[in-house]
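Colleague: Here is the input, now give the coordinates:
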Amino acid sequence: MTVNDRLTALRGWMREEKIDAYIIPSSDPHQSEYVAEHWKSREWISGFTGSAGTVVVTVDYAGVWTDSRYFLQGEMETASSEFELQKMHNQFGNYYRDWIIDNLSSGQTVAVDGELFSNGQCDMLKKAFVSEGLKFRIDADGISPTWTNRAAIPMNEIYVHDAKYAGKTRTERLNEVRAKMVEQKADHHLTTTLDDIGWTLNIRGTDIDFNPVAVCYLVVSKTYSTLFIDKVKVPVAIQNELKADNIYLRPYTEIVAYLNQLPEIDTLLVDPLICNAYLYRAINAQKVNGNTPAKYLKAIKNSTEIAHSKSSQIKDSVGMAKAWKWLEDTLKSRNVSEAEFADKLAECRGHQAHYKSESFPAIIGYKGNGAIIHYHPTHDACHDIKNNGMLLCDSGGQYLDGTTDITRTVSFTDPTDQQKLHYTLVLKGMIGLSMAKFPIGTQGNQLDTLARMHLWQHGLNYGHGTGHGVGFFMNVHEPPQGFAPGNSMRSNTKHDAGMLSSNEPGYYLEGEYGIRIENLMVVVEDKEGWLKFDTITLFPIATNLIDMDFMTTTETQWLNDYHQETYDKVSPQMDEEHRLWLKEKCRAL
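Modeller: Predicted coordinates:
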C-alpha cells in the first residue's frame with residue numbers, strides 16, 4: 001500500500017466511526033521516544049520517519065506537524081504523498097491542536113487512541129476542543145483495523161544488569177521507590193515508562209532498537225511488586241531471582257484487569273503526564289497524582305555509575321579513533337558513503353568490551369546533509385563523503401558500563417572564512433557551558449543561554465535544545481534535565497550533582513553544511529552552594545576550523561587542557577599507530 005492508499009483506508013474507518021479529525025502521535029502506550037515497529041503508526045500512515053511528529057487526518061486533509069530538526073527531512077519524505085508538512089517553530093507549541101480548532105466546525109468529532117496519549121495530554125486536548133464546541137473521543141484505534149501487515153509486539157528475552165555496574169541492587173532501588181511512596185501516602189505505584197522499570201529492577205531488554213528496554217508495566221506495592229510481562233520473555237533463572245525479591249509476573253495484557261480490581265480504599269501513585277489515558281482511567285484505587293519516583297532517582301548517577309561512565313567514554317574514544325583514522329586513510333584513494341562510515345563506527349565500537357549496540361542510529365551528514373539535524377543515512381539513500389568539504393558525525397554506543405553520545409564536525413579541506421566563523425561561535429558556546437559554575441537550583445533554560453550567546457551576537461541561532469539527560473546503559477535521551485529555552489520539563493528542571501547531560505550547540509546552513517560539537521558532562525559539587533560540570537567525553541575537537549581571532553586566551557587554554565587530558569587518558573588504551581594519530585589531533589594551539 002502507498003501512503004495515499006493507507007490514507008484512503010483510514011478515512012473509510014473514520015467515516016464508519018463518524019470521526020472528523022483523527023490524531024496520530026509518535027508514541028507507544030509507554031510514552032517512549034523511540035518505539036518498537038508495532039507502534040510506528042505515525043510513520044506507517046505518513047511515510048515520515050523522523051522520531052518526533054504528529055499526524056492529523058480529516059476527510060480532505062492530511063498533515064504532519066514536526067519541529068525544525070526535521071524540516072528538511074519532512075519535506076523530502078512527504079513530497080510524493082497527500083501529506084503536507086506543517087512546520088512547528090517551537091517543539092512544545094499547540095500547533096496541530098490549534099489547526100483542528102481553526103478548521104473544524106462546532107459539533108464535529110476529534111478522536112485519538114487513548115493508549116498512545118498520556119492522560120494529561122487527553123485532558124488538555126479535551127478542554128481545548130470542548131470549549132470550541134467540538135466533541136472528543138479517546139477510545140478510537142484506527143490503526144489496528146487498517147494496518148494489515150503490522151509487526152507483533154516484541155517478545156525478546158530480558159537480562160539482568162548486574163549491580164557491579166549499576167552500583168545498587170534491585171532491592172535497594174525498590175526501597176528508594178517505596179520511600180517516595182511513603183512520602184506520597186501511596187499503597188501502590190504504577191510505573192509505565194520502560195526505562196524507569198528497567199532501572200528499578202536492574203533489568204534490560206532488546207524490544208526497542210538502540211534502547212536496552214523491555215515492553216512491560218510495573219506496579220510496586222508495599223511488600224511486593226507485580227511485573228506485567230509475558231513469561232516467555234523471562235528466563236527461568238531471572239524468574240527465580242524476581243520471585244526471591246517478591247516480584248511476581250503476570251501477562252502484559254492483564255494490566256487493565258489488575259488496575260480495575262485494586263481496592264477502592266487503596267491509594268496508587270501515578271504520573272498523569274506519563275501514564276496513558278486508557279490505563280489511567282482503569283485505576284480503581286484512589287489516585288495520588290505525582291511524579292514517577294524512578295525518573296528523578298535515576299537521573300542522579302551514583303559514584304559507581306559515574307566511574308563506569310568515565311571508563312566507557314575512554315573505550316568509546318578508542319573505537320571512534322579507529323573509525324576516524326580509517327576514514328581519513330580511505331579517502332586518500334576512494335570516496336566513502338555516509339552509510340559505510342556509519343557501519344564502520346558501529347564495527348569499531350563493537351570491538352570494545354561490554355558493547356551491546358549503538359545508542360541511536362548514527363547521524364552522518366556530508367556537506368548539505370549535515371544541515372538536516374537528525375539525518376540518518378541508509379545504503380539506499382545517502383551521499384558519498386569526499387576528500388573535501390565538511391562532515392558532521394553524531395553517534396554513540398550502549399555498553400553494559402555506560403551510554404555514550406558524541407558529535408564532531410570536521411573539514412577535509414581548508415575551510416572558508418564563513419565556515420570558520422560559524423564553527424568557532426559554536427565551539428565558544430560549547431566551551432562556555434562546559435566551564436560554567438552555577439548556584440544550586442539553576443535550571444536548564446538559564447544555562448542554555450551560555451551556549452547560544454556567541455551565535456546570538458552575530459544574529460544566528462539553532463532550532464534544538466542545547467542538551468539532554470543521558471542514561472546509564474539506558475536511553476540516550478533521558479528526562480528530566482537538559483538545556484533548552486522556553487518552558488518545558490527539560491528547561492525547568494534544576495541541575496543537581498550526579499546528573500549526566502549532553503552539551504551540543506550547533507549551527508546549520510541549509511544546503512551547505514551543519515556544525516555541531518557535543519560532549520557529555522556530569523554535574524559535580526564546587527564550593528558550598530555551587531555546582532560545575534566535569535566533561536567526561538574525551539575525543540579530539542577539530543582545530544583547523546577554528547578562527548583564532550575570535551578565541552579568548554581562557555577558551556584556548558580550556559581546549560588545550562581538554563586535548564591534553566584526552567591524550568593522557570585515551571592513548572594508553574591504543575596501539576602505536578592510533579596513538580600517533582591521537583597525538584597529532586590533540587596538538588596544542
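
Colleague: Now do the phi/psi pair for the closest residue to T407 other than its chain neighbours.
Modeller: Distance criterion CB to CB, 6 or more residues apart in numbering; nearest residue to T407, sequence neighbours excluded, is E518 at 3.5 Å. C-beta here means a position set from N, CA and C on the backbone, and glycine is covered the same way. Main-chain dihedrals, E518, degrees, to the nearest 10: phi -140, psi 130.

Colleague: And the helices in the stretch 51-200 of the chain?
Modeller: Counting by DSSP state H, counting those that start in this stretch, the stretch 51-200 of the chain has these helices, from start to end: 71-78, 95-103, 119-130, 163-166, 170-183, 194-201.

Colleague: mind giving me CSV with these and columns for mean neighbour count and mean pLDDT?
Modeller: Putting these into CSV (neighbours: other CB atoms under 10 Å; pLDDT from 0 to 100) gives the following:
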stretch, mean neighbour count, mean pLDDT
helix 71-78, 20, 89
helix 95-103, 17, 96
helix 119-130, 18, 98
helix 163-166, 16, 98
helix 170-183, 16, 99
helix 194-201, 26, 99
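
Colleague: which stretches of the stretch 201-350 of the chain aren't confidently modelled?
Modeller: Regions of the stretch 201-350 of the chain meeting the criterion pLDDT under 70 are absent.

Colleague: And the strands in it?
Modeller: Along the stretch 201-350 of the chain, counting by DSSP state E, counting those that start in this stretch, strands occupy 203-204, 217-221, 225-228, 247-250, 267-270, 286-289, 336-337.

Colleague: Would you mind pulling the contact partners of the last one?
Modeller: To tie it back to what came earlier, the one meant is strand 336-337. With contact meaning CB atoms under 8 Å, 6 or more residues apart in numbering, strand 336-337 is reached by L327, T330, P377, H379, C382, H383, D384, I385.

Colleague: So how do I select the buried members of these in ChimeraX?
Modeller: This is the ChimeraX syntax for the buried subset of the contacts of strand 336-337, where burial follows 16 or more other CB atoms under 10 Å:
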select :327,330,377,382,383,385
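
Colleague: of the contacts of strand 336-337, closest to D187?
Modeller: Using CB to CB, P377 is the member of the contacts of strand 336-337 that lies nearest D187, at 50.5 Å.

Colleague: what's the closest of the contacts of strand 336-337 to T449?
Modeller: Closest to T449, out of all of the contacts of strand 336-337 and judged by CB to CB, is P377, at 32.9 Å.

Colleague: Do I have it right that that closest one meets G370?
Modeller: No: counting by CB atoms under 8 Å, P377 sits too far from G370 to count as a contact (11.2 Å).

Colleague: rewinding a little: show me the contacts for the residue nearest to T407.
Modeller: D394, D405, I406, T407, R408, M430, S502, N503, E504, T537.

Colleague: go on, T409?
Modeller: Counting by CB under 8 Å, 6+ apart, T409 touches 370, 390-393, 423, 426, 514-517, 542, 545.

Colleague: quick one: the residue nearest to T407 from R408, how far?
Modeller: Computed as CB to CB, to the nearest Å, the E518 to R408 distance reads 8 Å.

Colleague: and what of G465?
Modeller: To R408, G465 is 19 Å away according to CB to CB.

Colleague: Next: E510.
Modeller: In terms of CB to CB, E510 sits 21 Å off from R408.

Colleague: More neighbours: which of these two?
Modeller: A direct count of neighbours by other CB atoms under 10 Å for E510 and R408 places R408 higher, at 20 against 11.

Colleague: what's across from that one in the sheet?
Modeller: Beta bridges link R408 to C393, judged by DSSP bridges.

Colleague: which residues sit in contact with it?
Modeller: By CB under 8 Å, 6+ apart, the residues touching R408 are L392, C393, I517, E518, F539, P540, I541, A542.

Colleague: so who does the second one touch?
Modeller: Listed by CB under 8 Å, 6+ apart, the contact partners of C393 are F341, L345, A362, I363, I364, G365, T407, R408, T409, V410.

Colleague: Between the two ends of stretch 113-121, what distance do you get?
Modeller: 12 Å (CA to CA, to the nearest Å).

Colleague: Stretch 36-48 too?
Modeller: OK, stretch 36-48 end separation, CA to CA: 16 Å.

Colleague: contacts for it?
Modeller: By CB under 8 Å, 6+ apart, stretch 36-48 touches 3, 6-7, 10, 24-29, 32, 49, 53-55, 57, 62, 64, 66, 70, 73-74, 77-78, 81, 83, 85, 116, 143, 147, 150-154, 207-208, 215.

Colleague: Now that stretch: buried residues?
Modeller: A36, W39, K40, S41, R42, E43, W44, I45, S46, G47, F48.

Colleague: residue ranges of the strands in the stretch 351-500 of the chain, please?
Modeller: 355-358, 363-366, 384-385, 390-395, 397-399, 402-403, 406-411, 437-439, 467-468, 482-483, 500-503.

Colleague: out of those strands, deepest packed?
Modeller: The highest mean neighbour count among those, using mean count of other CB atoms under 10 Å, belongs to strand 402-403: a mean of 30.

Colleague: quick one: that strand to chain centroid distance?
Modeller: Put simply, strand 402-403 sits 14 Å off its chain's centre (CA atoms, centre = their mean, to the nearest Å).

Colleague: That one pairs with which strands?
Modeller: strand 397-399 (antiparallel).

Colleague: if we can go back for a sec, narrow the contacts of stretch 36-48 to just the buried residues.
Modeller: 3, 6-7, 10, 24-29, 32, 49, 53-55, 57, 62, 64, 66, 70, 73-74, 77-78, 81, 83, 85, 116, 143, 147, 153-154, 207-208, 215.

Colleague: if we can go back for a sec, of the contacts of E518, which is the nearest to N560?
Modeller: M430 (15.0 Å).

Colleague: In stretch 452-472, which residues are buried?
Modeller: For stretch 452-472, by 16+ other CB under 10 Å, it's 452, 454-455, 460, 462-472.

Colleague: what's the span of it from first residue to last?
Modeller: For stretch 452-472, the end-to-end distance is 27 Å (CA to CA).

Colleague: Averaged pLDDT, it. What do you get?
Modeller: Stretch 452-472 carries an average pLDDT of 98.

Colleague: Give the phi and psi angles for the residue nearest the centre of the chain, as a check.
Modeller: A centroid search over the chain (CA atoms, centre = their mean) returns H477, at 3.0 Å, as the residue closest to the centre. Here is the backbone geometry of H477 (degrees, to the nearest 10): phi -110, psi 110.

Colleague: which residues does the nearest residue to it once chain neighbours are set aside bridge with?
Modeller: Sequence neighbours aside, H468 is the residue nearest to H477 in space, at 4.9 Å (criterion: CB to CB, 6+ apart). Beta-bridge pairing for H468 (DSSP bridges): G482.
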